[in-house]
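Student: just need the structure, nothing else, for what follows:
(chains A and B)
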Amino acid sequence: KAGVTQTPRYLIKTRGQQVTLSCSPISGHRSVSWYQQTPGQGLQFLFEYFSETQRNKGNFPGRFSGRQFSNSRSEMNVSTLELGDSALYLCASSLGGTNPEAFFGQGTRLTVV
Amino acid sequence: AQSVTQPDIHITVSEGASLELRCNYSYGATPYLFWYVQSPGQGLQLLLKYFSGDTLVQGIKGFEAEFKRSQSSFNLRKPSVHWSDAAEYFCAVGDDSSYKLIFGSGTRLLVRP
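Tutor: Numbers count the residues shown, from 1 in each chain, chains lettered A, B, ... in the order given. This is a model prediction of the structure:
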């Protein structure tokens, strides 16, 4: 059974640009969550989607957005990139019921220069 | 407020020695508890989880953890550490309605030959 797939693995962008990251969950999983990991702030929750609906959102500015497609694949977008957006972005998939057990992808390393 | 505390930023043990990583949580609801491991530049791998029932849970790679409600703790243990266990370990807590995990700040494990 394939795991969670995140693409691309690495990205370098310039301040002010926008970026889109992609996540394909484990087959049969309907919930996708996104987390940002930085050395200073650790692992922080961005948002969670289930059946194309955002059910929860973390404390991030509106520049961070996401969506989920009917096949459960998810994308997150960051507009007007800032240096502080440099981070490892992790996607997690789960079944989506009351069980919060989450399986993580390898992450996308975003560097903003 | 909900929080997870991992009081040890770094721990160094000798190969073959026993290991205990501490985790304390503050959570209003009945928590679901997890331990994840992360190698450099990689995603998070689920080691074990506690939902209910037996308070001593077994995980992969020979790890176990014990849930102690009275102490709000979920410490991770391993009787004999291998060099390949060197990584960062994260404790996390979730529930069945918030659709997110709250992570501790992590403990970096170093293994001496």
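Student: for B:Ser70, helix, strand, or coil?
Tutor: With DSSP: H, G, I helix; E, B strand; the rest coil as the basis, B:Ser70 sits in helix.
Student: now it: how far from chain A?
Tutor: Look at B:Ser70 and chain A: by C-beta to the nearest C-beta, to the nearest Å, they are 23 Å apart. For glycine as for every other residue, the C-beta is placed from the backbone atoms N, C-alpha and C.
Student: for B:Leu56, see how far away that residue is.
Tutor: Applying C-beta to C-beta, to the nearest Å, one obtains 15 Å for the distance of B:Ser70 from B:Leu56.
Student: ranges for the helices of chain B?
Tutor: For chain B, applying DSSP state H gives no helices.
Student: quick check: buried residues in stretch A:40-55?
Tutor: A:42-50, A:55 (16 or more other C-beta atoms under 10 Å in any protein chain shown).
Student: still on that earlier bit, give the residue from B:Ser70 and B:Leu56 that has the larger number of neighbours.
Tutor: The residue with more neighbours, out of B:Ser70 and B:Leu56, is B:Leu56; 11 against 5, by other C-beta atoms under 10 Å in any protein chain shown.
Student: so the more buried one makes contact with B:Lys68?
Tutor: No: the pair B:Leu56 / B:Lys68 is not scored as a contact, 10.1 Å apart, by C-beta atoms under 8 Å.
Student: hey, what's A:Leu43 bridged with?
Tutor: Per DSSP bridges, the residues bridged to A:Leu43 are A:Gln37.
Student: ditto for B:Asn75
Tutor: B:Glu66.
Student: what's the local residue count around it?
Tutor: Neighbours of B:Asn75 using other C-beta under 10 Å come to 17.
Student: any idea how far it is from B:Glu64?
Tutor: Distance, B:Asn75 to B:Glu64, by C-beta to C-beta: 10 Å.
Student: cool, B:Arg77 as well?
Tutor: 5 Å.
Student: show me where chain A has strands.
Tutor: Ranges of strands within chain A are A:5-7, A:10-13, A:19-24, A:31-38, A:42-50, A:53-57, A:64-68, A:74-78, A:87-94, A:103-104, A:108-112, based on DSSP state E.
Student: quick one: name the residues of chain B near chain A.
Tutor: B:32, B:34, B:36, B:41-46, B:49, B:51, B:90, B:94-106 (C-beta under 8 Å from any C-beta of the partner chain).
Student: so which of the strands of chain A comes closest to B:Asp85?
Tutor: strand A:103-104 (18.6 Å; C-beta to C-beta).
Student: pairing partners for that closest one, with directions?
Tutor: According to DSSP bridges, strand A:103-104 has these partners: strand A:87-94 (antiparallel).
Student: quick one: low-confidence residue ranges for chain A.
Tutor: Counting by pLDDT under 70, chain A contains low-confidence ranges at A:1.
Student: could you find the residue nearest the spatial middle of it?
Tutor: Nearest to the geometric centre of chain A sits A:Trp34, at 3.3 Å (C-alpha atoms, centre = their mean).
Student: gap between that residue and B:Thr55?
Tutor: A:Trp34 sits 32 Å away from B:Thr55, taking C-beta to C-beta as the criterion.
Student: likewise for A:Glu75?
Tutor: 40 Å.
Student: neighbour count: these two, which is higher?
Tutor: A:Glu75 (17 against 12).
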